[in-house]
Structures are given as C-alpha cells and as structure tokens.
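1. Return a 3D structure for these sequence lines:
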Amino acid sequence: MIKADILDSAWILIPATGIGVRAGMPHPKQYLKVNNHSILDHTIQTFKQSGFKNIVVILNAEDNYFQSQAGIHTCIGGETRYLSVAAGLKYIKQKASSKNSWVLVHDAVRPCLDRRDLSKLISHILAAEQNNNSIGGILGKPIADTLKYSPNNTINNTVPRNNLWQALTPQMFKLGTFEQAYENINQLSESEINNITDEAYLIEKLGFKPLIIEADYPNPKLTYPQDIEYIKHLLEKNLC
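-> Alright, predicted model coming up:
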C-alpha cells in the first residue's frame, strides 16, 4: 500500500509526445483504443486508481487527440524524450512544494503497469532512502534470453547476460535530483546525449547508482505492431 503523503506530494510525469511510427499506425500509438479507452487513458488510470493527486501528461504541440480530464495537468514537450521530460520537470517546478518531492516518470505506452509493482518500487526506494542507501530507482527485469551482437544481421558474438537487466518504468527520483541531472546534459558529449533513452541514464552520469527493483508482473511497451495483441490481451483479461 502506498503511503498517503506520497500520493499527495509525488508527481507522475507521462511523456506522450510520440507519433508511433514504428507501431505502423496512422495515429499516435498511445491513442490506440482497447475496451473503448485509449492506451494513454489506461496508463493514466493506473495512477489515478492508485490515488495519486498530481499527474502530468506531456503532449506533442500538434496533438489533436488528447481529451482534457479533470485533475490531469498537461504541458507541451520537446523534439526528443529527454527534452519532453525536461519540459515536464519545468512545469512541476512551478507547482511542487519542494525539490524533495518525488517524481515518477512512466511511458505513456506502458498501460499494463501492475499496481503491486508500483507499490513495490515506491516502498523499496523509500526504505533505502531512510537508510541513506539510495537516490532513487527504477523498475526492471533481469534478461532471460541469450543476447547476440549483430550490427548487420550476422552474429558477431554472444553477449553474456549475467547481471543484465531490461529497464522499465516508472523511474523514480526527487525533483531536485532530476533538475541536477538535466542541468548536467550540457557537460555530456554528443554520443552520450544520443544515448539518452531513459531518465536513469542521466542520474548515472552524475555518478549515482540508482536502485533497480525487479518487476513481478508484465509491463510491456507498445513499440512494434506485434506488441499490440499482447497488450490488448493483458488489458482485456484484466491481467495488469
């Protein structure tokens, strides 16, 4: 169970600026309908039903699909994910009571986040913080498959999977830590900036070692057309 003070003070950031090219759809993939609700709506509902009071959806400037919802904040993002999250953090900074407020960034197209995993993430991070053992952390899943390195559709070598994890969301850090990480982007090389695919990467670049907490339930991301049926199945059968 998530503590009431976290539900009241934490901020949920949901970047939803993508255009869904890889999913092969004529409209942004977060607006695919399942059970008469969009993927984005399912994602938002996970946090609303958990009791979070502060939810921000980051939208594309040309988004004509999003329908305003009571209690849901919106702001306009940038050309990349990290610029969009930066815009969301700027919005939160104007409204949050403290730089110690927790912020959870979650992909708009991960509608299957199980609330038990959400609670697990938060409780582990708060417990570690009390013991001065963590600056924050993310949900993840240990890699189970054999990994091959193949830059041109032929196998160069097998990558040892020991200690390798798949990074998931939410990714949870304090507002002040996020601000510090985003201010540090100017110190990164072009190749490092091109490698920004999640928020924890920027925290790592500050020299911190975030926690990674194992997810117990499916938390797939809608990226390719073949992901759609699996996510539909999970949502329609209430398996998430």
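2. Help me confirm that residue 62 is found in a strand?
-> No - assessed with DSSP: H, G, I helix; E, B strand; the rest coil, residue 62 is coil; it does not lie in a strand.
3. separation between it and residue 19?
-> Computed as C-beta to C-beta, to the nearest Å, the residue 62 to residue 19 distance reads 9 Å. All C-beta spots, glycine's among them, are computed from the backbone N, C-alpha and C.
4. Give the burial count for residue 34, as a bare number.
-> Neighbours of residue 34 under the rule other C-beta atoms under 10 Å: 17.
5. I'd guessed it sits against residue 231; true?
-> Yes - counting by C-beta atoms under 8 Å, residue 34 does reach residue 231; the two are 7.3 Å apart.
6. overlap in contacts of those two?
-> With contacts defined as C-beta atoms under 8 Å, 6 or more residues apart in numbering, the residues shared by residue 34 and residue 231 are residue 111.
7. rewinding a little: higher neighbour count, residue 62 and residue 19?
-> Neighbour count, other C-beta under 10 Å: between residue 62 and residue 19, residue 19 has more, with 14 against 9.
8. Help me confirm that that one comes into contact with residue 63.
-> No - between residue 19 and residue 63 there is no contact under C-beta under 8 Å: 9.6 Å.
9. what comes up buried for the longest helix along the chain?
-> Criterion DSSP state H: the longest helix present in the chain is helix 115-130. Under the neighbour-count criterion of 16 or more other C-beta atoms under 10 Å, helix 115-130 has 115, 117, 118, 120, 121, 122, 124, 125, 128, 129 buried.
10. Can I get the residues you listed in TSV including distance to residue 84?
-> Listed next are these as TSV, based on distance: C-beta to C-beta, whole Å:
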residue	distance to residue 84
115	25
117	24
118	22
120	27
121	22
122	23
124	27
125	23
128	28
129	27
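11. Quick check: the gap between the spatially most central residue of the chain and residue 134.
-> Closest to where the C-alpha atoms of the chain average out (C-alpha atoms, centre = their mean) is residue 106, at 2.5 Å. Distance, residue 106 to residue 134, by C-beta to C-beta: 19 Å.
12. Ok, residue 47 next?
-> 22 Å.
13. Likewise for residue 225?
-> From residue 225 over to residue 134 (counting by C-beta to C-beta), the distance is 38 Å.
14. Who has more neighbours out of those two?
-> Each of residue 225 and residue 134 has its neighbours counted (other C-beta under 10 Å); residue 134 has more, 19 against 12.
15. So that one sits against residue 211, correct?
-> Yes - applying C-beta under 8 Å as the test, residue 134 and residue 211 come out as touching, 5.0 Å apart.
16. shared neighbours of these two, anything?
-> Residues touching both residue 134 and residue 211 by C-beta under 8 Å, 6+ apart: 125, 128.
17. Tell me where the model's unsure across the protein.
-> Scanning the chain with the threshold set as pLDDT under 70 gives 20-25.
18. Just the helices from it, written as ranges.
-> Applying DSSP H to the chain gives helices spanning 4-9, 39-50, 81-93, 115-130, 175-183, 190-194, 199-204, 225-236.
19. Could you identify which of these is most buried?
-> Among the helices of the chain, helix 199-204 has the highest mean neighbour count (mean count of other C-beta atoms under 10 Å), at a mean of 22.
20. which helices and strands does it pack with?
-> Here helix 199-204 touches helix 81-93, strand 136-142, strand 165-174, helix 175-183, going by 3 or more C-beta pairs under 8 Å, 6 or more residues apart in numbering; DSSP states H and E.
21. any idea how far residue 73 is from residue 59?
-> Separation of residue 59 from residue 73 (C-beta to C-beta): 11 Å.
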